[in-house]
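> Curious how this folds, go ahead:
(4 chains)
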There are 4 protein chains.
Amino acid sequence: MLTIKRLSLTDAHLLIAGATAKAQEIGVPMCMAVTDESGQLIAFDRMDGGKLTSSIIAQDKAYTAAGAKRTTESYGTASQPGSPAYGINSAIGGRLMVVAGGLPVIVDGDVVGAIGLSSGTPAQDSECAQAGIDHWMRNR
Amino acid sequence: MLTIKRLSLTDAHLLIAGATAKAQEIGVPMCMAVTDESGQLIAFDRMDGGKLTSSIIAQDKAYTAAGAKRTTESYGTASQPGSPAYGINSAIGGRLMVVAGGLPVIVDGDVVGAIGLSSGTPAQDSECAQAGIDHWMRNR
Amino acid sequence: MLTIKRLSLTDAHLLIAGATAKAQEIGVPMCMAVTDESGQLIAFDRMDGGKLTSSIIAQDKAYTAAGAKRTTESYGTASQPGSPAYGINSAIGGRLMVVAGGLPVIVDGDVVGAIGLSSGTPAQDSECAQAGIDHWMRNR
Amino acid sequence: MLTIKRLSLTDAHLLIAGATAKAQEIGVPMCMAVTDESGQLIAFDRMDGGKLTSSIIAQDKAYTAAGAKRTTESYGTASQPGSPAYGINSAIGGRLMVVAGGLPVIVDGDVVGAIGLSSGTPAQDSECAQAGIDHWMRNR
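This next block holds a predicted model:
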């Protein structure tokens, strides 16, 4: 039998709060999704002005980071033409995201969930997602 | 050009807070989704213990209530065997929900968004969704 | 080799114009789709205030009427519990519509396209779709 | 509560009329879609001879331009191998289009809808889409 550690809704809200603060600081209204370790949605916020397409992309970034236990950015590198994971971006009906902005949330080496952001540049999305994790780490 | 009124993220959080309070009162952990008037997700919370299948069902209930400008419960009645909307439950890839728990949010006769809940009985889902609207009405 | 008769864009506009006039007369803003005999979209109009969910349903009603060469309403009857086509409403990913409002457009016994409406009651949808066909018949 | 500006059906018809005139001028029968600011279809025309695959592509170009608030062409640049948005073309079930021909419609800095064309070369698609916006700007 397995015992799994998983983010709670309280954890998810902390992650989103940290991401929101950074998004407000850089002036980019974000779509922000937090999933559990199984890639299932726990919480989602679309800041006023966040992109509609990003509602789905943010969720799929978190889904990918949780399910594959790696950043979506790392998949971007690994899936370039000529690279081993080339073409994986269209897997799972296109849900597998290879654009930066999805980060696994890791505790003691175990993935316990993930956060995915979308609406800014991929670098902005990642920066704000990381700010969410940092905020959660300090306050959990 | 048309001018449309739409729920903000602050509104969505109020709706979810009201639904959460009622869900805690009746002891049923819920999945709760708020969409804008176009059925696009603004905010979502899965209370600890909420059903995984309900993550999607709650979103689709809100989508249906916003897009069709009516409660999902009313579709349940209208789509019984022998009734005019029989068979509509599988429309839009099955996203059109005819189970109670999705309510449009209406201001001055206009649909400005919707709330959808799932995890309890349909009656519990509706009760908590309505509690969300009531809370929002009192505090917005 | 086959020779196929198919609605032109001009035909499609006439069909929609007739449906629009009736929709305005009864005061229900409609979503209106015209497909060719292969069920492929030729033209679509969402009147201001038409339901969002109906954007897809109207197209799927026309698709069904063209593809199956029958009214969607007739499928409603044929798919009641205990009837031979029971359960067909979820076919083709739910695109097969069994709710009234989709009518094939027939010339000399051949289906040359279809019109599908959604946003009112199924009876209103059918009435306005038929008005579209009547208008086209008089003016083509 | 937010207040949103959105294209009306009359606006959508003007956009399509302008695109149609340019398409006729260059002799390419187009599929032309106009969505609101939420990416939901308002109006669609397939000119006689327009490509069937373009029926969907035109709609998805408009959806992308509205939802992401940018031209689909700009996504083509940003998603080249080695670029930050590489791989985003398969997002949202492949609906996110990175081929030119989708343009947001912007009024006073706000996206109020979008127009998407397909059937010609991407450059022709963009040229005719822009002609639609120009015509609408002059006549609205």
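> got the residues of chain A near chain D?
A:48, A:51-54, A:56-57, A:60, A:75-76, A:79-81, A:89-90, A:93-94, A:97-100, A:121-123 (C-beta under 8 Å from any C-beta of the partner chain). Every C-beta, even on glycine, is put in place using the N, C-alpha and C of the backbone.
> okay but residue A:35 is in contact with residue A:62, surely?
Yes. Between residue A:35 and residue A:62 a contact is recorded at 4.3 Å, counting by C-beta atoms under 8 Å.
> Which one's more surrounded, the two?
Neighbours per residue, other C-beta atoms under 10 Å in any protein chain shown: of residue A:35 and residue A:62, the larger number sits with residue A:62, 35 against 32.
> quick one: secondary structure of the residue nearest to that one when sequence neighbours are not counted?
The shortest distance from residue A:62 to any non-neighbouring residue, by C-beta to C-beta, 6 or more residues apart in numbering or on different chains, is to residue A:116 (3.2 Å). The local conformation at residue A:116, judged by DSSP: H, G, I helix; E, B strand; the rest coil, is strand.
> And for residue A:111?
Here residue A:111 is recorded as strand under three-state DSSP.
> Could you give me the ChimeraX syntax to select whichever of the residues of chain A next to chain D are buried?
ChimeraX command restricting the residues of chain A next to chain D to the buried ones, with burial defined by 16 or more other C-beta atoms under 10 Å in any protein chain shown:
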select /A:51,52,53,54,56,57,60,75,76,79,89,90,94,97,98,99,100,122
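> among the residues of chain A next to chain D, which are in strands?
Of these, none are assigned to strands by DSSP state E.
> which of the residues of chain A next to chain D are close to chain B?
Within these, those near chain B by C-beta under 8 Å from any C-beta are A:48, A:52.
> Can you tell me which of the residues of chain A next to chain D end up in helices?
When DSSP state H defines the helices, the subset of these inside them is A:52-54, A:56-57, A:60, A:75-76, A:122-123.
> Smallest gap between chain A and chain B, at which residue?
Closest to chain B within chain A is residue A:44: 4.1 Å, counting by C-beta to the nearest C-beta.
> What's opposite the residue nearest to residue A:62 in the beta bridge?
Residue A:116 has these beta-bridge partners by DSSP bridges: residue A:33, residue A:102.
> Isn't it up against residue A:102?
Yes. Using C-beta under 8 Å, residue A:116 is in contact with residue A:102, at 4.2 Å.
> what sits in contact with each of the two?
Common neighbours of residue A:116 and residue A:102, counting by C-beta atoms under 8 Å, 6 or more residues apart in numbering or on different chains, are A:60-65, A:72, A:129.
> Narrow these to those that are buried.
Neighbour-count burial (16+ other C-beta under 10 Å) applied to the shared contacts of residue A:116 and residue A:102 gives A:60-65, A:72, A:129.
> Relative to chain D, which of those residues is nearest.
For those, the minimum distance to chain D (C-beta to the nearest C-beta) is 6.9 Å, reached by residue A:60.
> Now do the contacts for the closest one.
Counting by C-beta under 8 Å, 6+ apart, residue A:60 makes contact with A:94-97, A:102, A:116, D:91.
> Those, buried ones only, as a PyMOL selection?
To isolate the buried ones among the contacts of residue A:60 in PyMOL, judged by 16+ other C-beta under 10 Å, type:
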select buried, (chain A and resi 94+95+96+97+102+116) or (chain D and resi 91)
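> one step back: for the residue of chain A closest to chain B, which three-state class applies?
Residue A:44 - assigned by three-state DSSP - is strand.
> What sits closest to it if chain neighbours are left out?
Excluding its sequence neighbours, the residue lying closest to residue A:44 (C-beta to C-beta, 6+ apart) is residue B:44, at 4.1 Å.
> what's the answer for residue A:132, then?
Closest to residue A:132 by C-beta to C-beta, 6+ apart is residue A:19, at 3.5 Å.
> buried ones in the helix or strand encompassing that neighbour?
Element membership for residue A:19 (DSSP states H and E) is helix A:9-26. Neighbour-count burial for helix A:9-26 flags A:9, A:11-20, A:22-23 (criterion: 16+ other C-beta under 10 Å).
> Run the chain-centre distance for that helix.
Mean-position distance between helix A:9-26 and its chain equals 12 Å (C-alpha atoms, centre = their mean, to the nearest Å).
> Now do the contacts for the closest residue to residue A:90 other than its chain neighbours.
Leaving aside its chain neighbours, residue A:90 sits nearest to residue D:90 (3.8 Å; criterion: C-beta to C-beta, 6+ apart). Going by C-beta under 8 Å, 6+ apart, residue D:90 touches A:89-90, A:94, D:96.
> correct me, but residue A:104 touches residue A:63?
No. At 11.0 Å, residue A:104 does not count as touching residue A:63 under the criterion of C-beta under 8 Å.
> Common neighbours of those two, please.
residue A:114.
> so which pair among the ones in helices among the residues of chain A next to chain D is furthest apart in space?
A:52 and A:75 (23.6 Å; C-beta to C-beta).
> burial of the residue nearest to residue A:7 when sequence neighbours are not counted, as a residue count?
If the residues on either side of it in the chain are set aside, residue A:7 comes closest to residue A:113, at 3.6 Å by C-beta to C-beta, 6+ apart. Counted with other C-beta under 10 Å, the neighbours of residue A:113 add up to 29.
> Ok, residue A:85 next?
Using other C-beta under 10 Å, residue A:85 has 16 neighbouring residues.
> Is it correct that it falls within a helix?
No. Using three-state DSSP, the secondary structure at residue A:85 is coil, not a helix.
> what pLDDT does the residue lying farthest from the centre of chain A get?
Of all residues in chain A, residue A:1 has its C-alpha farthest from the mean position, at 28.4 Å, by C-alpha atoms, centre = their mean. Note on residue A:1: pLDDT of 96.
> Now do it against residue D:122, distance only.
For residue A:1, the distance to residue D:122 equals 55 Å [C-beta to C-beta, to the nearest Å].
> repeat for residue A:4
To residue D:122, residue A:4 is 47 Å away according to C-beta to C-beta.
> Name the nearest residue to residue A:124, ignoring sequence neighbours.
Once flanking residues are discounted, residue A:124 sits nearest to residue A:28: 5.6 Å by C-beta to C-beta, 6+ apart.
> For the one you found, give me its contacts.
A:119-120, A:124, A:128.
> and which of those is nearest to residue A:109?
Closest to residue A:109, out of all of the contacts of residue A:28 and judged by C-beta to C-beta, is residue A:128, at 24.6 Å.
> ok so that closest one is a strand residue?
No. With three-state DSSP as the criterion, residue A:128 is helix rather than part of a strand.
> from what I can see it touches residue A:29, true?
No. Using C-beta under 8 Å, residue A:128 is not in contact with residue A:29; the gap is 10.7 Å.
> Neighbour count for those two, which is higher?
residue A:128 (27 against 17).
> Would you quantify the distance from the more buried one to residue C:73?
51 Å.
> residues in contact with the closest residue to residue A:89 other than its chain neighbours?
Spatial nearest neighbour of residue A:89, excluding adjacent residues (C-beta to C-beta, 6+ apart): residue D:87 at 3.5 Å. Contact analysis of residue D:87 by C-beta under 8 Å, 6+ apart lists A:75-76, A:79, A:89, A:97-99, D:79.
> how about CSV for these, with pLDDT and distance to residue A:40 added?
Shown next, in CSV, are those (pLDDT from 0 to 100; distance: C-beta to C-beta, whole Å):
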residue, pLDDT, distance to residue A:40
A:75, 96, 20
A:76, 95, 24
A:79, 96, 24
A:89, 96, 22
A:97, 98, 16
A:98, 97, 21
A:99, 98, 21
D:79, 96, 28
